[in-house]
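K.L.:
A predicted structure for the sequence below; I have some questions about it.
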Amino acid sequence: MKKLSFLLALLTVSAVVVSCGEAESAAPTETQAVNKPTETEGEVSTEELFNPFENLPEKDYGGYEFKIQVRPNDRWIKDQIIEGETGDIVDDAVFRRNSRVSEQYNIQVVGLLSTDYNSDTSARTAIIAGDDAYDVLFPHGRATFTYANEGLLLDWNTDLPCVNMDNPWWDKDARQSFSINEKLYVMTGDISYCSMSAANVMLFNKNLCSQLDIEYPYQDVLDGKWTFEKFDNLARNAAMDLNGDSTMDKDHDRFGYITQKWVGPVQAFETSGLRVVSKDDKDIPYLSFFNARTVEVFDRYFNLADSENVYVDIGDTSYCQDLNTIFQEGRALFFDMNMHDVVEMRSMDADFGIIPWPKYDEAAEYCTNVDAGTNMCAVPITARDPERTSIILESLCAIGYDKVIPAYYEIALQSKASRDNESAAMLDIIKSARVFDLGYYNSDSSGELANLFAKLAESKKTRDISSWYAKREKTAQKALDKIIGKYED
């Protein structure tokens, strides 16, 4: 376990005891206006308009080290821990957020590195031993549920008294999806900008659109007419054997659509309104992976993906340099990816636009899957002062809503990554369309179904989704029953 050299400045504040119950009753709800700055507010500072501590108790924690465990990779570390201002607007927003909370409550925010990038559950040993080694964990989404399923986390619904999840900075879909039997052990919101950076988006090459006399899809998106059928037609017509050797290959030819097995297939599933696991009216999960629409979605997606018009990378990571090269060289019309990876396209000469993944049909809603590799927030049962933890979490999330998310979304993405005002508007739609599928994240509850179409994308040997599901349904149901039993105990 390695400590990051990140100790923020301290300021002792007066301690006035206020109950969290009083704070909660005064907190803004989803339908109440939250005081945010607007263009017409002149020189009034954001701090005067929005006070993240207004409905929280005033506390002095005497220099307490608030310990946050993060994965050992800059992408995940910088989401929570920045050692000092760097000049990068997002980094500086995270640093100032932590500094402001540190000053308010007289704490030190300390980052502790876990031992693994993905499936790490290194905090497990300390938690089982009763060691208060961490205040908050930010593991891989699926690893977070491993902790939850073993009963090692506090319940956000009952154990964290000063967290008000009716506030707009906590994600509503995650709250609804991740709860089982009214117990909620895993959450996300504006405490982490990674829930945006891990969202799937689609890029299109503007130069190719002009060359092929294709209108940019922006208006179709706004009109609700950006559907899979339209996307399918455009992708098929855009492909070309550029070197004339009668063989489509990734190094020389042009594709209508390129993707990676961890992006396109699961996005096709989720954007169709399907979920691996859903919940009944008693908040008990059930398998909802397979039905007639699953077969239809599977058939039409792989009918396109298996054609020579499309290139699908089947590597084990969602990042693929070959795909980036193809798109940057102007040899693909459409390319879907995590929003985080859009910045890799900044050096691309040709203009590109950003749009949401196409809808199932015009009557459906846009849905954006958030990759399970994102940071998720959890509090170990060894946290000795849940009230303190909840106060700090609520503060961090509120300032994230007010400062960090605007910095990431409006400036880092809309100004740096996207190249036009239309793409910026598309990001508003993508942000509101994010979904968190319990069965995709909590793989212990759904077994192999959690990987959806990714496994099937690896091989063309089987395209019979009914047989594929029939072989796995019994095992998946057994896994889900086991999880339900744990949450009912």
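P.N.:
Right, received. Where do you want to start? Numbers count the residues shown, from 1 in each chain.
K.L.:
gap between residue 260 and residue 299?
P.N.:
21 Å (CB to CB, to the nearest Å). Any C-beta I mention is one placed from the backbone N, CA and C, and that applies to glycine too.
K.L.:
of these two, give the one with the bigger neighbour count.
P.N.:
residue 260 (26 against 12; other CB atoms under 10 Å).
K.L.:
what's across from that one in the sheet?
P.N.:
Beta-bridge partners for residue 260, by DSSP bridges, are residue 313.
K.L.:
roughly how far does it sit from residue 150?
P.N.:
Per CB to CB, residue 260 is found 31 Å from residue 150.
K.L.:
what are the ranges of the strands in the protein?
P.N.:
2-3, 64-70, 107-113, 136-138, 200-205, 255-260, 277-279, 285-287, 310-313, 332-338, 352-355, 368-369, 434-435 (DSSP state E).
K.L.:
ok, residue 265 touching residue 457?
P.N.:
Yes. If you go by CB atoms under 8 Å, residue 265 and residue 457 touch, sitting 5.0 Å apart.
K.L.:
list the residues that contact both of those two?
P.N.:
residue 305 (CB atoms under 8 Å, 6 or more residues apart in numbering).
K.L.:
ok, residue 270 touching residue 434?
P.N.:
No. Counting by CB under 8 Å, residue 270 does not reach residue 434; the two are 10.1 Å apart.
K.L.:
so between those two, which is more surrounded?
P.N.:
More neighbours surround residue 270 than the other of residue 270 and residue 434, with 24 against 21 (other CB under 10 Å).
K.L.:
ok, that one - contacts?
P.N.:
When contacts are counted by CB under 8 Å, 6+ apart, residue 270 touches 367, 368, 369, 435, 437, 440.
K.L.:
the second one: neighbouring residues, count only.
P.N.:
By other CB under 10 Å, the residues close to residue 368 number 23.
K.L.:
measure the nearest residue to it once chain neighbours are set aside to residue 363 for me?
P.N.:
Nearest non-adjacent residue to residue 368, counting by CB to CB, 6 or more residues apart in numbering: residue 433, 4.3 Å away. Going from residue 433 to residue 363 by CB to CB gives 15 Å.
K.L.:
these two: which is more packed in?
P.N.:
residue 433 (20 against 9).
K.L.:
residues near the nearest residue to residue 399 once chain neighbours are set aside, how many?
P.N.:
In this structure, residue 399 finds its nearest non-sequential neighbour in residue 97, 4.4 Å apart by CB to CB, 6+ apart. Neighbourhood size, residue 97 [other CB under 10 Å]: 25.
K.L.:
for stretch 472-480, give me every contacting residue.
P.N.:
If you take CB under 8 Å, 6+ apart as the criterion, stretch 472-480 is touched by 277, 285, 286, 287, 289, 290, 444, 445, 446, 447, 448, 449.
K.L.:
the fifth one reaches residue 448, doesn't it?
P.N.:
Read it as residue 289. No. Counting by CB under 8 Å, no contact exists between residue 289 and residue 448, whose distance comes to 10.4 Å.
K.L.:
compare neighbour counts for those two and give me the winner.
P.N.:
Neighbour count, other CB under 10 Å: between residue 289 and residue 448, residue 289 has more, with 23 against 14.
K.L.:
residues in contact with the spatially closest residue to residue 75 that is not a sequence neighbour?
P.N.:
The spatial neighbour of residue 75 that comes closest, neighbours along the chain excluded (CB to CB, 6+ apart), is residue 340 at 6.8 Å. Residues near residue 340 by CB under 8 Å, 6+ apart: 75, 194, 197, 198.
K.L.:
cool, and residue 350?
P.N.:
Residues near residue 350 by CB under 8 Å, 6+ apart: 205, 206, 207, 208, 328, 330.
K.L.:
quick one on the thing from earlier: got the contacts of stretch 472-480 as JSON lines, with distance to residue 63 and pLDDT columns?
P.N.:
Formatted as JSON lines, the contacts of stretch 472-480 follow (distance: CB to CB, whole Å; pLDDT from 0 to 100):
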{"residue": "277", "distance to residue 63": "44", "pLDDT": "97"}
{"residue": "285", "distance to residue 63": "43", "pLDDT": "97"}
{"residue": "286", "distance to residue 63": "48", "pLDDT": "97"}
{"residue": "287", "distance to residue 63": "49", "pLDDT": "97"}
{"residue": "289", "distance to residue 63": "50", "pLDDT": "96"}
{"residue": "290", "distance to residue 63": "55", "pLDDT": "96"}
{"residue": "444", "distance to residue 63": "39", "pLDDT": "93"}
{"residue": "445", "distance to residue 63": "41", "pLDDT": "92"}
{"residue": "446", "distance to residue 63": "44", "pLDDT": "93"}
{"residue": "447", "distance to residue 63": "46", "pLDDT": "89"}
{"residue": "448", "distance to residue 63": "48", "pLDDT": "87"}
{"residue": "449", "distance to residue 63": "48", "pLDDT": "92"}
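K.L.:
buried subset of those?
P.N.:
Buried members of the contacts of stretch 472-480, scored by 16 or more other CB atoms under 10 Å, are 277, 285, 287, 289, 290, 444, 445, 446, 447, 449.
K.L.:
pretty sure the third one sits against residue 446.
P.N.:
By that I understand residue 287. Yes. Using CB under 8 Å, residue 287 is in contact with residue 446, at 7.1 Å.
K.L.:
shared neighbours, the two?
P.N.:
Joint contacts of residue 287 and residue 446 (CB under 8 Å, 6+ apart) are 276, 277, 439, 476, 480.
K.L.:
what is the nearest of the residues you listed to residue 421?
P.N.:
residue 276 (36.3 Å; CB to CB).
K.L.:
what are the ranges of the helices in the stretch 51-200 of the chain?
P.N.:
Remark: helices assigned in the stretch 51-200 of the chain by DSSP state H, counting those that start in this stretch are 74-77, 89-105, 124-128, 141-149, 172-178, 194-197.
K.L.:
deepest of those, which one?
P.N.:
Comparing those by mean neighbour count (mean count of other CB atoms under 10 Å), helix 194-197 comes out on top with a mean of 25.
K.L.:
which strands or helices does that one pack on?
P.N.:
Under the contact criterion of 3 or more CB pairs under 8 Å, 6 or more residues apart in numbering; DSSP states H and E, helix 194-197 touches helix 74-77.
K.L.:
what residues does the helix it packs on touch?
P.N.:
4, 70, 71, 111, 113, 138, 194, 197, 340, 375.
K.L.:
number of residues surrounding the fourth one?
P.N.:
A count of nearby residues for residue 111, using other CB under 10 Å, gives 20.
K.L.:
correct me if wrong: it contacts residue 80.
P.N.:
Yes. Shown here, residue 111 and residue 80 form a contact pair, counting by CB under 8 Å, at 6.6 Å.
K.L.:
overlap in contacts, those two.
P.N.:
68, 70.
K.L.:
okay, the strands of the chain in CSV with distance to residue 235 next?
P.N.:
Shown next, in CSV, are those (distance: least, CB to CB, whole Å):
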stretch, distance to residue 235
strand 2-3, 46
strand 64-70, 38
strand 107-113, 42
strand 136-138, 37
strand 200-205, 10
strand 255-260, 3
strand 277-279, 30
strand 285-287, 31
strand 310-313, 7
strand 332-338, 6
strand 352-355, 13
strand 368-369, 19
strand 434-435, 23
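K.L.:
lowest confidence element among the helices and strands of this protein?
P.N.:
Lowest on mean pLDDT, DSSP states H and E among the helices and strands of the chain sits helix 20-26, with a mean of 38.
K.L.:
low-confidence stretches in the stretch 301-450 of the chain?
P.N.:
317-319 (pLDDT under 70).
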